[in-house]
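Asks: sharing a sequence plus its predicted fold:
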Amino acid sequence: MEWINIDEEVEPDILFHTQQIDFQLRDESVYKAWLENILKSEAHTHSEINYIFCDDAYLLEKNQTYLQHDTLTDIITFEYSKAPISGDIFISIERVRENAKDRKLDFDQELHRVMAHGVLHLCGYGDKKEEEIKTMRSKEESCMQMLHDKG
């Protein structure tokens, strides 16, 4: 059995996983660079950030178990440390598709917004109060522009 030294520094990384869904980001390196630029622009460092792409049922179970919410959602963010930032960001691809359709947006555009939303939560931005929501939407737009300018 190999023991993990909890004092050992974790190499900064942003990882992408799937649970109960067939989904693959097209170019993970582009997304990693983009998300790292978002963190840098917010003056944050990170250790490990995991994006877990899943279906509605999987995310609903997380919502019920950990947040005691019995509703579908597109994203749940779990923060494990603030400095350096680490956490898990769960995204329901089914919800993203449905939200994109409802908002008459391209799937990728909605996915990018939700991905930025998760990392912004890790940077300390909230979205419960009206003023927080305005700030979050503005930050999401800036983040999406960063990705657009990159590509």
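Replies: Arrived safely, thanks for sending.

Asks: in this protein, where is pLDDT below threshold?
Replies: In the predicted model, the chain carries pLDDT under 70 at residues 1-10, 150-151.

Asks: would you map the helices across it?
Replies: Remark: helices assigned in the chain by DSSP state H are 28-41, 56-67, 93-102, 107-122, 130-150.

Asks: quick one: residues in contact with the first one.
Replies: It stands for helix 28-41. Outside of helix 28-41, the residues that reach it under the criterion CB atoms under 8 Å, 6 or more residues apart in numbering are 14, 16, 25, 45-46, 49, 85, 115-116, 119-120, 123, 142-143, 146-147, 150-151. Glycine gets a C-beta too; all of them are placed from N, C-alpha and C.

Asks: the second one too?
Replies: With contacts defined as CB under 8 Å, 6+ apart, helix 56-67 is touched by 19-21, 69-73, 76, 78, 90-92, 94-95.

Asks: repeat the analysis, applying 7 Å as the threshold.
Replies: 19-20, 69-73, 76, 90, 92, 94-95 (CB atoms under 7 Å, 6 or more residues apart in numbering).

Asks: the longest one now?
Replies: With CB under 7 Å, 6+ apart as the test, helix 130-150 has contacts from 34, 37-38, 112-113, 116-117, 120, 125-127.

Asks: just send the residues you listed back as JSON lines, with neighbour count too.
Replies: Converted to JSON lines, the contacts of helix 130-150 look like this (neighbours: other CB atoms under 10 Å):
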{"residue": "W34", "neighbour count": "23"}
{"residue": "N37", "neighbour count": "15"}
{"residue": "I38", "neighbour count": "21"}
{"residue": "H112", "neighbour count": "20"}
{"residue": "R113", "neighbour count": "21"}
{"residue": "A116", "neighbour count": "22"}
{"residue": "H117", "neighbour count": "21"}
{"residue": "L120", "neighbour count": "22"}
{"residue": "Y125", "neighbour count": "17"}
{"residue": "G126", "neighbour count": "12"}
{"residue": "D127", "neighbour count": "15"}
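
Asks: how near is the spatially most central residue of the chain to K104?
Replies: Compute the mean C-alpha point of the chain, and by CA atoms, centre = their mean the closest residue is G118, 3.2 Å away. G118 sits 23 Å away from K104, going by CB to CB, to the nearest Å.
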